[in-house]
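K.L.:
Generate a structure from the sequence data that follows.
(chains A and B)
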Amino acid sequence: MEPSNNKYPASSKLFILTGLLLLSVGMMFGLIGMLQYLIPGFLKQYLSFEKIRPLHVSSVVFWIIFGAIGSVINYVQQYTGRVIYSQRLVNIQWALFVGTTILILVSYCLGMFGGREYWEFPPVLALPIIAGWLLFSFNVIKSMPTFRHQPVYVWMWLTGVVFFLFTFLESYLWVFPSFRNNIVNDMTIQWKSYGSMVGAWNMLIYGCSIYLMEKISGDKNYGHSTIAFALYFTGLFNLMFNWGHHIYTLPSHHFIQYISYAVSMTELGILGRILWKWKSSLSDAKKHFHYIAFRFLVAADWWIFLSLLLAIMMSIPGVNLYTHGTHITVAHTMGTTIGINTFLVLAIAFDILHVNCFGAVPYTKYFNKAYWLANISLFVFWIALILVGIEKAKWQMGANRIPFSSMMHQIHPLFYFVFASGLMLATALLVIIYPMIKHQLECYSSQKSSHVKSV
Amino acid sequence: MATDGQKRMIAVFLTASFLLYSFYLYYAMPFKRDIKNQEASEGKLVWQRYNCNACHQIFGLGGYLGPDLTNEYSLRGHDVIIAFIKSGAPSMPVFHMTEKEMNQLVAFLKDVDRSGRADPRTFTIKSNGTIEQ
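P.N.:
Below you'll find the model as predicted:
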């Protein structure tokens, strides 16, 4: 039996459904991008790499953002037992976000840029995102009956809501000439904001996954426990101060390196706890493994362990010197955005979409195979990217460098492994999400009048 | 177990420290020198408008398909950079930039070049794991 759900989720499902569509589109762009590594000049006239990369990145980043928003809106209602403060604001926010995402993707296809890495769209399109996020923040805060004696996930939701807005605004300080007119200053603030922004959406998603875990296990004590808050404050501390590992080689203030290095080492405590809890986690996994949602939580646990291990190593400046600017950084990003963010949002999506519109039971056989294929291919993908990164690290630290193009030619065979594993991963994820999208769309078309209008 | 008040105290302390750190960084930038050269300032916007960062890096940050361009100006010089922009490369399309845009972009790359060295071989790893250039 899947965990039960309640009567509130209709609007939140819209966000998750949109996110799932963006994930499908984003994976397709990712595969095209990989083909451009394998076949130089592929689609160069129409969709060259400077278009494909932001199309891929923005689609998957918006998948995570849409997924996180939908999850929070749903679980806030489940947790409080009340409908969201304003359904109309949710709908306006969804329309703003969908409209903006479409405009962003179209602008990339037309080669209209103007922003910076990860937010490459013309900066004017940041305005509806800010407006939508303000509506979301207002709605979540107004939906809480009280802020006293709240469990850790409520703290995490509120932290994520506030810090995403702050860091998103911070990432646009470059529009002022005084911030952008020196590249070192500009990049310092850019990576400060990006590092913390990832921490902010992690707060939203991790908060929802803790809520889901409590729901599945029936144990309501964890959210109020000392260890939960200790981990939350460690996460918050890292969100605020460990972003410096992105810019160790930038000729910026030296203290940024020291602060980030020291703060990052506190993550060893989180790593230690994962190892300490491994045995009991395994016994929980055996007990609840038949829940599809729980299965993705277990997979995400493994990826948290692997990603944290890599992240801690990359936070040591001496190691970072080798990994910086190589595909080891890409491996880390893929491990965290797919293995952690995507798997956690999928776990939550299985829980939220389950009622009325979608039952996983008829697809169990396919899901089982796709689940294992997704995890194994992601692992191969991750390892292949690390191997590419090691080769580039050897090149960039080597005494006698061959030209960049020759180095890329030498490591070209490794990109076949990256592409093949990426293709398997995308196939597995599509097998998992296709029935979710299909049933959800059928549900909306058949029950539109009664279901969508209800909260 | 910590009380609500204690948790709030920790959160307020962390948030205040974060804001202090943030605003200190905004106002105590490592480089006081702004780009006085209007051409280079416009060049940064050209860099963004053509999304050069999708394939190229500056100080190791950006895309991975093309080379890092931090010190490209001193390595190859104005004319070679212009030639690349004009002719493209196997994976790089011809962007059909105007002469003005190309000169602005090169002025930006010249300014980036002056800001520091990105070659990781120029760093020393110290015994405590930190690095220094």
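K.L.:
quick one, what contacts the residue of chain B found nearest chain A?
P.N.:
Nearest to chain A in chain B, going by C-beta to the nearest C-beta, is B:Gly60, at a distance of 3.1 Å. C-betas here are computed from N, CA, C, even on glycine. Taking C-beta atoms under 8 Å, 6 or more residues apart in numbering or on different chains, we find B:Gly60 in contact with A:249, A:324-325, B:68, B:118, B:120.
K.L.:
Do you know the pLDDT at it?
P.N.:
As predicted, B:Gly60 sits at a pLDDT of 96.
K.L.:
ok, now A:Ala311?
P.N.:
94.
K.L.:
Quick one: neighbours of whichever residue of the stretch 201-350 of chain A sits closest to chain B, just the number.
P.N.:
Taking C-beta to the nearest C-beta, chain B has its nearest neighbour within the stretch 201-350 of chain A at A:Gly325, 3.1 Å off. Counted with other C-beta atoms under 10 Å in any protein chain shown, the neighbours of A:Gly325 add up to 24.
K.L.:
Assess the claim that it and B:His56 are in contact.
P.N.:
No - using C-beta atoms under 8 Å, A:Gly325 makes no contact with B:His56, being 10.9 Å away.
K.L.:
which residues do the two both contact?
P.N.:
Contact criterion C-beta under 8 Å, 6+ apart; residues shared by A:Gly325 and B:His56: B:Asp68.
K.L.:
before we move on, what SS does B:Tyr112 have?
P.N.:
To be clear, residue B:112 is Val; Tyr isn't right here. helix (DSSP: H, G, I helix; E, B strand; the rest coil).
K.L.:
From A:Ile259, how far off is it?
P.N.:
B:Val112 sits 25 Å away from A:Ile259, going by C-beta to C-beta, to the nearest Å.
K.L.:
Just want to know which of these two has more residues nearby.
P.N.:
Taking neighbours as other C-beta under 10 Å, B:Val112 and A:Ile259 compare with B:Val112 leading, 25 against 16.
K.L.:
Write out the residues of the stretch 1-150 of chain A neighbouring chain B.
P.N.:
The interface of the stretch 1-150 of chain A toward chain B, taken as C-beta under 8 Å from any C-beta of the partner chain, is made up of A:36-37, A:40-41, A:44-45, A:48-51, A:53-54, A:113-117, A:120, A:148-149.
K.L.:
Emit the ChimeraX select command for whichever of those are buried.
P.N.:
A single ChimeraX command selects the buried members of the residues of the stretch 1-150 of chain A next to chain B (16 or more other C-beta atoms under 10 Å in any protein chain shown):
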select /A:36,37,40,44,48,49,50,51,53,54,113,114,115,116,117,120
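K.L.:
can you list the weak-confidence ranges in the stretch 301-450 of chain A?
P.N.:
Low-confidence segments of the stretch 301-450 of chain A, defined by pLDDT under 70: A:355-361, A:447-450.
K.L.:
which other helices and strands contact the helix ranked longest in chain B?
P.N.:
Looking across chain B with DSSP state H, the single longest helix is helix B:4-27. When contacts are defined as 3 or more C-beta pairs under 8 Å, 6 or more residues apart in numbering or on different chains; DSSP states H and E, helix B:4-27 packs onto helix A:152-170, helix A:183-217, helix A:226-241.
K.L.:
Tell me the residues of the stretch 351-455 of chain A that contact chain B?
P.N.:
A:392, A:396-397, A:399, A:404.
K.L.:
Looking at these, which is nearest chain B?
P.N.:
For those, the nearest to chain B is A:Phe404 (4.0 Å; C-beta to the nearest C-beta).
K.L.:
how about the nearest residue to the closest one, chain neighbours excluded?
P.N.:
B:Pro67 (4.0 Å; C-beta to C-beta, 6 or more residues apart in numbering or on different chains).
K.L.:
What pLDDT is listed against the one you found?
P.N.:
96.
K.L.:
residue contacts, A:Gly318?
P.N.:
Per C-beta under 8 Å, 6+ apart, neighbours of A:Gly318: B:125-126, B:129-131.
K.L.:
tell me how far the helix or strand that it is a member of is from the chain's mean position?
P.N.:
Assessed by DSSP states H and E, A:Gly318 sits inside helix A:317-323. Distance of helix A:317-323 from the chain centroid (C-alpha atoms, centre = their mean, to the nearest Å) equals 24 Å.
K.L.:
before we move on, the earlier item: now the residue nearest to the residue of chain B closest to chain A when sequence neighbours are not counted. Its backbone dihedrals?
P.N.:
Nearest residue to B:Gly60 in three dimensions, chain neighbours excluded: A:Gly325, at 3.1 Å (C-beta to C-beta, 6+ apart). Here is the backbone geometry of A:Gly325 (degrees, to the nearest 10): phi 80, psi 10.
K.L.:
List the contacts of B:Gly63.
P.N.:
A:49, A:53, B:53-57.
K.L.:
Quickly note the distance from it to B:Cys52.
P.N.:
9 Å.
K.L.:
hmm, back to that, what's the next secondary structure element after the helix holding A:Gly318?
P.N.:
Past helix A:317-323, the next helix or strand by DSSP H and E is helix A:327-334.
K.L.:
Check which residues of that following helix are buried.
P.N.:
A:327-332, A:334.
K.L.:
Need the max-distance pair from those residues.
P.N.:
By the measure C-beta to C-beta, A:Ile328 and A:Met334 form the most distant pair in those, at 10.7 Å.
K.L.:
shared neighbours of these two, anything?
P.N.:
A:Leu385.
K.L.:
Quick check, B:Gln57 in contact with B:Asn71.
P.N.:
No - judged on C-beta under 8 Å, B:Gln57 makes no contact with B:Asn71 at a distance of 11.2 Å.
K.L.:
Now for the two: what residues contact both?
P.N.:
B:Ala118.
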